[in-house]
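S.K.: Sequence first, then the predicted structure, then my questions.
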Amino acid sequence: MLKSVEFFIACRYIKARKKGFFAFLTTLIAIGGTTLGVCALVITLSVLSGFQQDIRAKILGVQPHIYINKINGTPFDEYNEVIEEISKSSFITASSPYIYGQGIIKKYKSTASGTGAVVKGIDYKKENAMLNLSDKLSEFSLMEDNNISSDGIILGSELAKLIGVQTGDDIVIIFPSQISSVPKMKKLKVEAVFHSGMYEYDTTLVYVDLKTADDMYGFSGGVSGIAVMTENFEKVQGFAKQLQQELDYPYRVRSWIDMNKNLFSALKLEKIMMFIILALIIIVASFNIISNILLLSVEKTKEIGILAACGFSRLSISKIFFYEGIIVGTIGTILGLTLGITISYVLKNFEIFDLPQGVYYIDKLPVVLLPQDIISVCVCAFVITIISGLYPAYQVSKLKPVEALRY
């Protein structure tokens, strides 16, 4: 196409239009519309991809890849045997038992009302080996021997602010009794504060020692389940399915994707809908391309007749105007990509916008440029450009040489 006569003439026609202001203006509008649409698509997709990756990273910083529980929700008494069995699988890198419970936490000797929390009993050394919890702890930590003491607790950073405590302060946790309807209370010392970056976890999650949680919630040596880490979090669905087949009833195996399915489904749907909506900008710009080429065909009616008289076929003449549509669309796409990538780079490296954590889970705008997103935008813009050039080219091909020369 680059060496063809039709392409050469199409390029000459575009250059020649600079002499006529109105014709040149319509060309700029067509290019500008495509540029704006492509730029908006690139920026939007990069921000949405950034949200997905950032939220995923923060979730995996607190949650394991796979959860193993009993279907009926009863305590997991034989968890050591299950851990030994699943450790034979080559894709499992680590595992740790845990206990989940609920409670109300308040500052010791405070008259303020408490707040609800999810209490997770863990073997800190094993949990730390899986999730690197020590990297999320504040620098002021009272933990000894890299472990949580029997009367110690780790609070989320937002929860600590909410009840007005810091490392070294005492708190009271009120939790349900397994024997009577009267709740129990336990005094614990805040040995550390963690910050995951996920507002939901930082305001509700607390860690205690596994034995402490056992005594509080009466698991009698059992646990709620087993947390498992795998070699690849992206292939976790297949790993979970394989483990489910190996363990079978009465065990239930769920992946981190299953646990957060609604969140990521919403993000995926939002990304698709934004792509469709912003692609409409390019479609609107394609109408400018169509009108621009039709206007050019009217301007060049005499030249079309001369070309036909010189032996150019209708197909060759239609190619000239078809190529012009592609040239205009390609210029707009390249400019849009350049502008979109530049703005995305600026947004990524400079904290221009601050986000409320309670709404967006994160405090700054995440931006990630994925190759597949760039390719999708290019393909979308190119297809729309090709389609927009077909109709004017078809209209030109119907013009008769004699009439073109006469008028």
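M.R.: All right, it came through fine. Small disclaimer: the values here were computed from a predicted structure and weren't measured. Numbering: from 1, shown residues only.

S.K.: Make sure residue 77 is actually in contact with residue 224.
M.R.: No: with contact defined as CB atoms under 8 Å, residue 77 does not reach residue 224; the gap is 11.5 Å. Quick note: C-beta positions are derived from backbone N, CA and C, even for glycine.

S.K.: Show me which of those two is the more surrounded one.
M.R.: Set residue 77 next to residue 224 and count neighbours by other CB atoms under 10 Å: residue 224 wins out with 23 against 13.

S.K.: Can you name the element that comes right after the longest strand seen in the chain?
M.R.: Using DSSP state E, we find that the single longest strand of the chain is strand 92-107. Using DSSP states H and E, the helix or strand that follows strand 92-107 in sequence is strand 115-122.

S.K.: quick one: strands adjacent to that following strand?
M.R.: strand 92-107 (antiparallel), strand 205-209 (parallel) (DSSP bridges).

S.K.: buried residues in it?
M.R.: 117, 119-122 (16 or more other CB atoms under 10 Å).

S.K.: what do you get for stretch 201-215?
M.R.: For stretch 201-215, by 16+ other CB under 10 Å, it's 201-210, 212-214.

S.K.: try stretch 339-348
M.R.: 339-341, 343-344, 347-348.

S.K.: and residue 25, how many neighbours?
M.R.: Quick note: residue 25 (other CB under 10 Å) scores 12 neighbours.

S.K.: To clarify, my last question referred to residue 177.
M.R.: Neighbour count of residue 177, defined by other CB under 10 Å: 12.

S.K.: Check residue 317 too.
M.R.: 25.

S.K.: Before we move on, what's the pLDDT of residue 74?
M.R.: At residue 74, the predicted lDDT confidence score is 79.

S.K.: and it, which of the three is it?
M.R.: Taken by DSSP: H, G, I helix; E, B strand; the rest coil, the conformation at residue 74 corresponds to coil.

S.K.: if we can go back for a sec, and the longest strand of the chain, what's buried?
M.R.: The neighbour-count check on strand 92-107 (16+ other CB under 10 Å) flags 92, 94-99, 101, 103-107 as buried.

S.K.: Please state the backbone phi and psi of the residue nearest to the spatial centre of the chain?
M.R.: Geometric centre of the chain, nearest residue: residue 52, 1.5 Å, by CA atoms, centre = their mean. Per-residue torsions, residue 52: phi -60, psi -50 (degrees, to the nearest 10).

S.K.: related to what we said a few turns ago, would you mind saying which of the strands paired with strand 115-122 lies nearest residue 313?
M.R.: strand 92-107 (66.6 Å; CB to CB).

S.K.: just checking, residue 395 touches residue 297?
M.R.: Yes: in this structure, residue 395 is within contact of residue 297 by CB under 8 Å, at 6.8 Å.

S.K.: what about the two, which has more around it?
M.R.: residue 297 (23 against 15).

S.K.: Now the host helix or strand of the more buried one: buried residues?
M.R.: Per DSSP H and E, residue 297 falls inside helix 261-299. Neighbour counts using 16+ other CB under 10 Å place 267, 271, 274-275, 278-279, 281-282, 285-286, 288-290, 292-297 of helix 261-299 among the buried residues.

S.K.: and what of stretch 53-61?
M.R.: 54-56, 58-61.

S.K.: Render the CA-only coordinates of it in CSV, please.
M.R.: Extracted C-alpha coordinates of stretch 53-61, given in CSV (Å, rounded to 0.1, in the frame of the first residue of the first chain):
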residue,chain,number,x,y,z
GLN,A,53,-3.6,-4.9,40.2
ASP,A,54,-3.3,-2.7,43.2
ILE,A,55,-6.3,-4.2,45.0
ARG,A,56,-5.2,-7.7,44.0
ALA,A,57,-1.8,-7.1,45.5
LYS,A,58,-3.2,-5.7,48.8
ILE,A,59,-5.7,-8.6,49.1
LEU,A,60,-2.9,-11.2,48.6
GLY,A,61,-0.9,-9.3,51.2
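
S.K.: Which residues does that stretch contact?
M.R.: With contact meaning CB atoms under 8 Å, 6 or more residues apart in numbering, stretch 53-61 is reached by 131-132, 136, 196-198, 233, 256, 260, 263-264, 267, 361-362, 366, 368.

S.K.: tell me which of those is nearest to residue 306?
M.R.: Distances from residue 306 to the contacts of stretch 53-61, taken as CB to CB, are shortest for residue 368 (53.2 Å).

S.K.: Compute the distance between residue 203 and residue 192, please.
M.R.: 17 Å (CB to CB, to the nearest Å).

S.K.: So for the longest strand of the chain, mean pLDDT?
M.R.: 91.

S.K.: Equivalent analysis for stretch 219-228, please.
M.R.: 89.

S.K.: Chain neighbours aside, what residue packs nearest to residue 227?
M.R.: Nearest residue to residue 227, sequence neighbours excluded (CB to CB, 6 or more residues apart in numbering): residue 64, at 3.7 Å.

S.K.: hang on, that neighbour packs against residue 254?
M.R.: No: taking CB under 8 Å as the definition, residue 64 is not a contact partner of residue 254, at 10.5 Å.

S.K.: Give me the more crowded residue out of the two.
M.R.: residue 64 (25 against 16).

S.K.: Would you list the phi and psi of the more buried one?
M.R.: Dihedral angles (degrees, to the nearest 10) for residue 64: phi -80, psi 170.

S.K.: That concludes my questions; thank you for your assistance.
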